[in-house]
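Asker: Got a sequence here, can you model it:
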Amino acid sequence: MRPVKDILREEYWNIAYRLCGEGDTLLDGNAASFSVLPESKRYWYADPFLFEYCGKTYLFVEMFDNATEKGLVGVSVLGEKGFSVPEVVLEESFHLSYPYVFEENGEIYMMPETMGDGCIQLYKAVDFPYKWQKHSVLADEKGMVDTVICDKWLLASRVTDPAKKETQLQLFDRYTGEPHPVNKSLQSNQISRGAGRLFERNGKLIRPAQNCSGGVYGAGLVFYSVDEISDTSYSETEVFRLEPSRIKLLKGSPAEGVHTYARCGDVEIVDIKKHRFNFRRILWIVAKKI
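Answerer: Numbering: from 1, shown residues only. A predicted model of the protein is given here:
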């Protein structure tokens with residue numbers, strides 16, 4: 001039975017985005033003003049991933065359904081008035097989130113979080129961006145969340161202590177599913193869980209990660225420089241931290257948390273944590289109990 005305060009005051013997430021130029025990102029040290037997606041009482045949005053295709057910018061997100069308490073994958077398109085309201089494009093019997101989308105050899109794939117199905121799975125677009133089908137299992141590993149690709153490797157986060165929000169960075173060969181030999185030496189902590197696609201900055205490959213210090217989900221972001229990745233070693237160095245207070249919203253109450261970052265072209269995007277009273281959610285919870 002969840003605490004009454006958690007039923008009456010819902011924690012939810014939404015997407016904040018803005019247009020920016022080179023040298024004008026959150027990582028450049030300046031506070032920035034962001035627009036937010038229109039809010040929905042049934043769904044909230046998190047885990048933004050950007051993808052450019054045929055001259056359009058697509059935003060893939062987790063759509064958490066308050067009625068079923070399960071995550072779905074949705075897509076939004078950038079237009080003159082901002083991003084459209086997300087539409088559901090992938091649903092399973094288990095929870096889906098973190099929709100990592102990429103193109104390879106002329107095909108478009110999605111690698112969402114599928115921990116609820118006990119493995120790391122790949123989906124293929126059959127009618128982009130609205131129709132996807134299961135393609136393959138990349139790694140038959142349980143407890144893995146928030147996976148991204150770096151060269152031939154899957155960089156995943158194994159949940160080791162849910163209560164303390166601790167995870168352990170794990171690497172797997174994306175073609176064979178075999179674990180990297182360095183996995184045994186990587187330590188569990190609260191500042192390594194994946195927080196978005198790797199990207200280049202100032203000649204370095206940067207890996208975004210969640211900062212869950214103190215067991216607080218969404219306390220901030222940590223950015224690491226990937227110094228070495230090979231068949232025998234992996235190393236990274238912390239280069240920057242981002243606090244929610246740096247994210248200024250054009251409308252609404254301030255952001256209380258952040259846990260995913262994306263940048264594509266001149267679009268910079270994060271997800272933000274807030275709280276609200278949602279009477280419909282109470283009715284959905286009661287209906288499920290009945």
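Asker: Any idea what the closest residue to residue 61 other than its chain neighbours is bridged to?
Answerer: Nearest non-adjacent residue to residue 61, counting by CB to CB, 6 or more residues apart in numbering: residue 45, 4.6 Å away. C-beta coordinates here come from the backbone N, C-alpha and C atoms, glycine included. Counting by DSSP bridges, residue 45 is bridged to residue 63.
Asker: give me the number of residues near residue 45?
Answerer: If you count neighbours by other CB atoms under 10 Å, residue 45 ends up with 26.
Asker: Verify the stated contact: it with residue 72.
Answerer: No - with contact defined as CB atoms under 8 Å, residue 45 does not reach residue 72; the gap is 10.5 Å.
Asker: quick one: common contacting residues for these two?
Answerer: 62, 63, 64 (CB atoms under 8 Å, 6 or more residues apart in numbering).
Asker: what's the closest of these to residue 89?
Answerer: Nearest to residue 89, judged by CB to CB, of those is residue 63 at 9.3 Å.
Asker: need the contact list for the closest one.
Answerer: Counted by CB under 8 Å, 6+ apart, residue 63 has contacts 43, 44, 45, 71, 72, 73, 74, 86, 88.
Asker: Mind doing that once more with 10 Å?
Answerer: Going by CB atoms under 10 Å, 6 or more residues apart in numbering, residue 63 touches 40, 42-47, 70-76, 86-91, 96-97, 99.
Asker: before we move on, what about residue 228?
Answerer: Residue 228 is in contact with 234, 235, 236, counting by CB under 10 Å, 6+ apart.
Asker: buried stuff in stretch 257-269?
Answerer: Neighbour counts over stretch 257-269 (16 or more other CB atoms under 10 Å) mark 257, 258, 259, 260, 261, 262, 263, 264, 267, 268, 269 as buried.
Asker: check which helix or strand covers the residue nearest to the spatial centre of the chain.
Answerer: By CA atoms, centre = their mean, the mean C-alpha position of the chain lies nearest to residue 47, the distance being 2.9 Å. Per DSSP states H and E: residue 47 is located in strand 43-53.
Asker: follow-up on the earlier one: which one among the buried residues of stretch 257-269 gets closest to residue 190?
Answerer: Nearest to residue 190 among these, with distances taken as CB to CB, is residue 259, at 11.9 Å.
Asker: My guess is the closest one contacts residue 212. True?
Answerer: Yes - counting by CB atoms under 10 Å, residue 212 is a contact partner of residue 259 at 8.0 Å.
Asker: Common neighbours of the two, please.
Answerer: Once CB under 10 Å, 6+ apart is applied, the residues that residue 259 and residue 212 both contact turn out to be 193, 218, 219, 220.
Asker: how far away is residue 103 from residue 146?
Answerer: 20 Å (CB to CB, to the nearest Å).
Asker: what's the answer for residue 62, then?
Answerer: Distance from residue 62 to residue 146, by CB to CB: 11 Å.
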